[in-house]
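> Got a sequence here, can you build the structure:
(one chain, ligands or ions: 1)
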Amino acid sequence: MTEHLKGRVLLIDDDPQIRKLVSGCLVSAGYVVQTAVDGLDALTKLRAGLPDLIISDLNMPCMPGRELLAVVRKRFPQIPVIVITSDAPDGMPAGVAADAYCHKSGFGFEQLLETISDLTRKPPLRTAPPPVDNKPVQARWDKNGDYIIYCEDCLREFSVPRVLHMGRDEKRTICLYCGKFVHFLVAEHSDGKQPDAAHPVIVLLSPRCKNQGG
Ligand SMILES: [Zn+2]
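Okay, the predicted model is just below:
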């Protein structure tokens, strides 16, 4: 009755041909495949649920594979990663956070399936981090007085004009890069100084934690 499904794979490549080819192969081998067109799209897909394995290209627009894989290694280190690229003919480029490597012109599907099977069958290479606390992030100010906000989803910083966010307590905005709602706090004396004992930051629990992790 239960279908024999081997696992869930997230495949990230900006080339529609590669997505079609590789996902077709994986589906016929029994994997559930989700695809993404670049790193930011992949982060959106990861919000909906984590795969058992990620296959990613390196050279992509918006958020290249190298940056995406650094985000994955930090936020989801338990997920094994295979890089498929045409950029590096001599093997895994230095500094890429991946567990296996295939050159686009040189790999066969059997080898790919074997690598996936190896990586997903053995115990996790790394442990999952503790759940995120969902506390709002503390905004900084730049010299123009704009808020500088760190997005804990894409791990990029972006700025928001302060005029749009008057007041002193918790604010929400959308990450300019990945579209995630970000809850942030600012101190009352928004003059570019860090909060201190005389001007404490009021920490409010973020409503978005209610529906997460369950
Ligand atoms: Zn973001």
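
> In the chain, where is pLDDT below threshold?
1-4, 163-169, 187-214 (pLDDT under 70).

> List, one by one, the residues from it near the ion.
By the rule Cβ under 5 Å from the ion, the part of the chain lying against the ion is 151, 153-154, 175, 177-178, 180. All C-beta atoms are positioned from the backbone trio N, CA, C, and that covers glycine.

> How much space separates the spatially most central residue of the chain from residue 149?
By Cα atoms, centre = their mean, the chain has its centre lying nearest to residue 43, at 4.1 Å. Separation of residue 43 from residue 149 (Cβ to Cβ, to the nearest Å): 16 Å.

> which non-adjacent residue is nearest residue 112?
Ranked by Cβ to Cβ, 6 or more residues apart in numbering and with sequence neighbours excluded, the top spatial neighbour of residue 112 is residue 102, at 6.1 Å.

> Please identify the helix or strand for the one you found.
strand 100-103 (DSSP states H and E).

> Now tell me what touches that strand from outside.
Contacting residues not belonging to strand 100-103 are listed as 80-86, 88-89, 91-92, 111-112, 115, 119 [Cβ atoms under 8 Å, 6 or more residues apart in numbering].

> For the ion, state which of those residues is nearest.
Lowest distance from the ion to the contacts of strand 100-103 (Cβ to the ion) belongs to residue 81, with 19.9 Å.

> Report the beta-bridge partners for the closest one.
residue 54 (DSSP bridges).

> residues in contact with residue 38?
With Cβ under 8 Å, 6+ apart, residue 38 has these contacts: 12, 14, 60-64, 68.

> one more time with 6 Å
When contacts are counted by Cβ atoms under 6 Å, 6 or more residues apart in numbering, residue 38 touches 14, 60-63.

> Repeat that for residue 42.
12, 36, 68.

> Noted, bye for now.
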